[in-house]
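S.K.: Dropping the sequence and predicted coords here.
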Amino acid sequence: MEGTREQLEMFENGEYSSYEALMDSYASQFAELIAPKGETTFGFWMQTLADAAFLDLELRGLTERYTIDPVDRSVQFEGDEACLRNRVAHLEKVKGVPTLYSDWVDAFDDTNAYAFHNLYPYKGKFYPRIVRTLINAFQLQGDALILDPFNGSGTTTHEASLMGIQSVGIDITPIGTMIATLKNELLFAPVSQLQLTRADLLEILHAIRAGKWEYPDPILHKLMLLLYFDTADAFERTSRYSRKGEEGLFIEKFRYIATCLEKTIEVRERHQLVFKPAQIFQGDALKLDEHSEFAGKFDACITSPPYYFSIDYVGKDRIAYEYLGIEMPTIESNYLGMKGDNSGVASMNGLPRKVVMYYEDLRKSIQLIYWALRSGGKLAIIVGDSTVNGKKIPTTLKTKEFCEEAGFIYDGIIFNPLLGARNRAIRGESVILYSKPS
Ligand SMILES: C[S@@+](CC[C@H](N)C(=O)[O-])C[C@H]1O[C@@H](n2cnc3c(N)ncnc32)[C@H](O)[C@@H]1O
């Protein structure tokens, strides 16, 4: 470690570099140690064993033959080079040329917050990179149709749109539906739609605070409300932004979204991408069969039902619901596992009644997903075990039981640790793969 030795010698001679210089020297040495070698190379965002498993999964869908060299962080493959470069989510370069995904990452300086994925900090949203990987693994093309019956803030539908694939997203909450719809609309907006001055924005903020915000343009109507909810929530949780003030933070958040629009259009034009709109609506996953047109219609379902927690899911968006005059108990009463009275439900293997009810709903939603998929259709269901009052809630195994009971054929599982997760009740999640028999 040349640099390190140099620093030690300097120290012994009574000198020492600035911490900035030390950090730079460490960073370049480290980069050299792990720098990929070859023409088709890992992205720097590939850091865990789960990432290696996801790369393996998507290469199965995107190439004819491949080998992964984890030491050199590179791949050898046979197959359609241009297709791999356009779709893969874990490689930085294919035959020496940067992938579309690495262009997204570079443009937004983030591996998951590209396009409008970072529009709003929705609770329990998942990583767009995983959705992209699953779409690749399932070999879905431009004529495919994807379903997410627990679409939340619309990560599945947004990523499908970016990849030029149509999708349907359903969620029980008005806020999730609003976010997913807005992401969908922003993809097709011109830059001029978000050209507002500071004075315009302040006027809008005052109208919102006075409860008088109504705007004919549906994008601006929703965007301003969501930015306001996000700003007000930030002020309620922390004093970190007090110097900026509510106005300053609101304007900053707006400018961020306007920049996202510019960057998204740049990437779209550079790669001549054709985005496809998603169909988003508010609805109950347990009533999917009320839409008879959905029977056997979908090529794939990529979804994540709500995890079982003892914490308040809907309460996270309290400010928004209060502002919109929506009763939270009404929403909660349709939430998976939270329907009405549970006194008639027997406890199962010592699990609390509430958990048993949650499992009953989970079982039913899986049966309905089966019903909505075509023969040979694919399911990726992302679930996590949680620990509530010291007791493990074994959702992963229960999901397996329900999928098999519904008729699905098991294709595999990848455990994805949530390394930086703040909530210690959940340590990771599992992506479980199934097919409906042909
Ligand atoms: C883990 S989150 C999914 C988040 C989503 N993948 C995203 O990226 O934003 C689970 C979602 O299921 C929704 N949900 C709960 N009960 C539902 C029901 N009965 N029907 C439809 N959606 C429901 C919740 O509102 C929540 O958005």
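M.R.: The structure has been received and is ready for your questions.
S.K.: In the strand or helix carrying residue 227, which residues are buried?
M.R.: Under the criterion of DSSP states H and E, residue 227 resides in helix 218-237. Within helix 218-237, the residues scored as buried using 16 or more other C-beta atoms under 10 Å are 219-220, 222-235. The C-beta positions use only the backbone N, C-alpha and C, and glycine is treated the same way.
S.K.: wait, which of those residues is closest to the ligand?
M.R.: Closest to the ligand out of the buried residues of helix 218-237 is residue 226 (13.5 Å), distances taken as C-beta to the nearest ligand atom.
S.K.: can I see the domain layout of the protein?
M.R.: Per the record, the chain has its domains at 2-34, 122-175+275-438, 189-272, by automatic domain parsing.
S.K.: quick one: the first one to chain centroid distance?
M.R.: Between the mean C-alpha point of domain 2-34 and the mean C-alpha point of its chain there is a distance of 38 Å (C-alpha atoms, centre = their mean, to the nearest Å).
S.K.: when you give positions from now on, start the count at 58
M.R.: Noted, 58 is the first residue going forward, which turns the last one into domain 59-91.
S.K.: looking only at pLDDT, what's the mean for it?
M.R.: Averaging pLDDT along domain 59-91 gives 77.
S.K.: Now the closest residue to the ligand within the chain: closest residue in space that isn't a chain neighbour?
M.R.: In the chain, the residue found nearest to the ligand is residue 209; the distance is 2.6 Å by C-beta to the nearest ligand atom. Nearest residue to residue 209 in three dimensions, chain neighbours excluded: residue 233, at 4.6 Å (C-beta to C-beta, 6 or more residues apart in numbering).
S.K.: The one you found contacts residue 210, doesn't it?
M.R.: Yes: taking contacts as C-beta atoms under 8 Å, residue 233 lies within contact range of residue 210: 5.6 Å.
S.K.: Overlap in contacts, the two.
M.R.: Residues touching both residue 233 and residue 210 by C-beta atoms under 8 Å, 6 or more residues apart in numbering: residue 179.
S.K.: of the two, who's got more company?
M.R.: Per other C-beta atoms under 10 Å, whichever of residue 233 and residue 210 has more neighbours is residue 210, with 28 against 25.
S.K.: Enumerate every residue touching residue 226.
M.R.: Residue 226 neighbours (C-beta under 8 Å, 6+ apart): 204-205, 208, 211, 213-214, 237, 335-338.
S.K.: and residue 161, what element?
M.R.: Using DSSP H and E, residue 161 sits in helix 157-165.
S.K.: who in the stretch 358-495 of the chain is up against the ligand?
M.R.: Proximity of the stretch 358-495 of the chain to the ligand (C-beta under 6 Å from any ligand atom) is limited to residues 361-363, 391-393.
S.K.: Which of those fall within helices?
M.R.: Assignment to helices by DSSP state H places none of those there.
S.K.: could I get those as CSV with neighbour count?
M.R.: As requested, those are exported to CSV (neighbours: other C-beta atoms under 10 Å):
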residue, neighbour count
361, 23
362, 22
363, 21
391, 16
392, 16
393, 23
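S.K.: For the residues you listed, which two are the farthest from each other?
M.R.: Using C-beta to C-beta, those span at most 17.7 Å, a distance reached by 361 and 391.
S.K.: out of the domains of the chain, nearest to residue 164?
M.R.: Closest to residue 164 of the domains of the chain is domain 246-329 (C-beta to C-beta; 4.8 Å).
S.K.: The closest one and the ligand, are they touching?
M.R.: No: counting by C-beta under 6 Å from any ligand atom, the ligand is not contacted by domain 246-329; separation bottoms out at 13.5 Å.
S.K.: ok so, going back, from the domains of the chain, which stretch is densest packed?
M.R.: Of all those, domain 179-232+332-495 has the most neighbours on average by mean count of other C-beta atoms under 10 Å, namely a mean of 18.
S.K.: And the strands in the stretch 258-407 of the chain, which stretches?
M.R.: Taking DSSP state E, counting those that start in this stretch, the strands of the stretch 258-407 of the chain run over residues 336-339, 355-360.
S.K.: Could I get the ones you listed in TSV, plus columns for distance to residue 250?
M.R.: Converted to TSV, those look like this (distance: least, C-beta to C-beta, whole Å):
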stretch	distance to residue 250
strand 336-339	19
strand 355-360	29
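S.K.: Turn those into TSV, columns for mean pLDDT.
M.R.: Shown next, in TSV, are these (pLDDT from 0 to 100):
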stretch	mean pLDDT
strand 336-339	98
strand 355-360	98
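S.K.: Can you tell me which of these is nearest to residue 157?
M.R.: Closest to residue 157 of the strands of the stretch 258-407 of the chain, according to C-beta to C-beta: strand 355-360, at 19.4 Å.
S.K.: Which strands and helices lie in contact with the longest strand seen in the chain?
M.R.: The single longest strand within the chain, with elements called by DSSP state E, is strand 430-440. When contacts are defined as 3 or more C-beta pairs under 8 Å, 6 or more residues apart in numbering; DSSP states H and E, strand 430-440 sits against helix 185-194, strand 355-360, helix 410-429, helix 452-463, strand 485-492.
S.K.: so which of these comes closest to residue 378?
M.R.: The closest of the helices and strands packed on strand 430-440 to residue 378 is helix 410-429. By C-beta to C-beta, the value is 21.8 Å.
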